[in-house]
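> pasting the sequence and the predicted model now:
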Amino acid sequence: QVQLKETGPDLVQLTQTLSITCTVSGFSLTTYNVHWVRQPPGKGLEWMGAMWNGGGTDYNSAFKSRLSISRDTSKSQVFLKMNSLQTDDTAKYFCARHMGYFDYWGQGVMVTVSS
Amino acid sequence: DIQMTQSPASLSASLGETVTIECRASEDIYSNLAWYQQKPGNSPQLLIYDANSLADGVPSRFSGSGSGTQYSLKINSLQSEDVASYFCQQYNNYPDTFGAGTKLELK
């Protein structure tokens, strides 16, 4: 069955870099797109960026050049890397399979940025 | 970016009641709209896609409608397990954008 699982730190220091891995199963990254979405505590959902099935990427301009998304298809993994973290980057980070809409989501990883 | 205005922000309803949540897009999104349910501590779950198509496994008391810039999610005969937050998402224009959410509670 389709599954996505995020792994990453729960605490990151101010100005440091966040790295999260999304490991998928039940589908191929060369067939389906995987995107990243985040949710600050008690708030709404924010689209961050995309890893398209062809290997291309797109990013929300709100993150400017801080965000990078890559993948390793042999390991069925998609990677998020974001630098220069600030306290307002404290959020739950989700990867999700994208069909236009998001039909499957990971459980998310809650990341706190600490000063 | 397309702005999604969702209303109401919160809603209190009784068991068995019918509830409607609305989303208005800042421009025509041609029914490229999804609705999600999110329970505390969980990830969002897809309810409706393409404005009115029910996702697999979703109870038939959930329905979606709308076109152009105006869309709604209706929950018939509210059940206790429907207590959650609900979000809309447009995927007609890049980037995908979400409504701010509606928190549904029991009266």
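That came through fine. This is a predicted model, so every value here is computed, not measured.
> who's in contact with the one helix or strand B:Cys23 maps to?
Element membership of B:Cys23, judged by DSSP states H and E, is strand B:19-25. Residues from elsewhere that reach strand B:19-25 (C-beta atoms under 8 Å, 6 or more residues apart in numbering or on different chains): B:2-8, B:11, B:13, B:33, B:35, B:66, B:68-75, B:78, B:82, B:86, B:88, B:90, B:99, B:102, B:104. Backbone N, C-alpha and C define where each C-beta goes, glycine included.
> okay, it in CSV with CA atoms only?
C-alpha atoms of strand B:19-25 as CSV (Å, rounded to 0.1, in the frame of the first residue of the first chain):
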residue,chain,number,x,y,z
VAL,B,19,-22.9,21.6,8.1
THR,B,20,-21.6,23.6,5.1
ILE,B,21,-18.1,25.1,4.8
GLU,B,22,-17.3,27.4,1.9
CYS,B,23,-14.2,28.4,0.0
ARG,B,24,-13.9,31.3,-2.4
ALA,B,25,-11.1,31.6,-4.8
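> what does chain B have sitting close to chain A?
Counting by C-beta under 8 Å from any C-beta of the partner chain, chain B comes close to chain A at B:32, B:34, B:36, B:42-46, B:49-50, B:55, B:87, B:89, B:91, B:94-101.
> which of these are buried?
Taking 16 or more other C-beta atoms under 10 Å in any protein chain shown as the criterion, what is buried in those is B:32, B:34, B:36, B:43-46, B:49, B:55, B:87, B:89, B:91, B:95-101.
> identify the residues contacting the closest residue to A:Leu85 other than its chain neighbours.
Among residues not flanking A:Leu85 along the chain, A:Val113 sits closest, at 4.8 Å (C-beta to C-beta, 6 or more residues apart in numbering or on different chains). Applying C-beta under 8 Å, 6+ apart, one finds that A:Val113 lies in contact with A:12-14, A:85-90.
> same check on A:Gln3?
A:Gln3 is in contact with A:24-26, A:104, A:106, counting by C-beta under 8 Å, 6+ apart.
> so the spatially most central residue of chain B bridges to which residues?
The centroid of chain B falls nearest to B:Trp35 when counting by C-alpha atoms, centre = their mean (3.8 Å). In this entry, B:Trp35 is beta-bridged to B:Ile48, B:Cys88, by DSSP bridges.
> can you get me a residue count around B:Ala84?
20 (other C-beta atoms under 10 Å in any protein chain shown).
> that one and B:Leu106 touch, don't they?
No: contact between B:Ala84 and B:Leu106 fails when scored by C-beta atoms under 8 Å: they sit 11.0 Å apart.
> for chain B, what spans make up the strands?
Listed in chain order, the strands of chain B (DSSP state E) span B:4-7, B:10-13, B:19-25, B:33-38, B:45-49, B:53-54, B:62-67, B:70-75, B:84-90, B:97-98, B:102-106.
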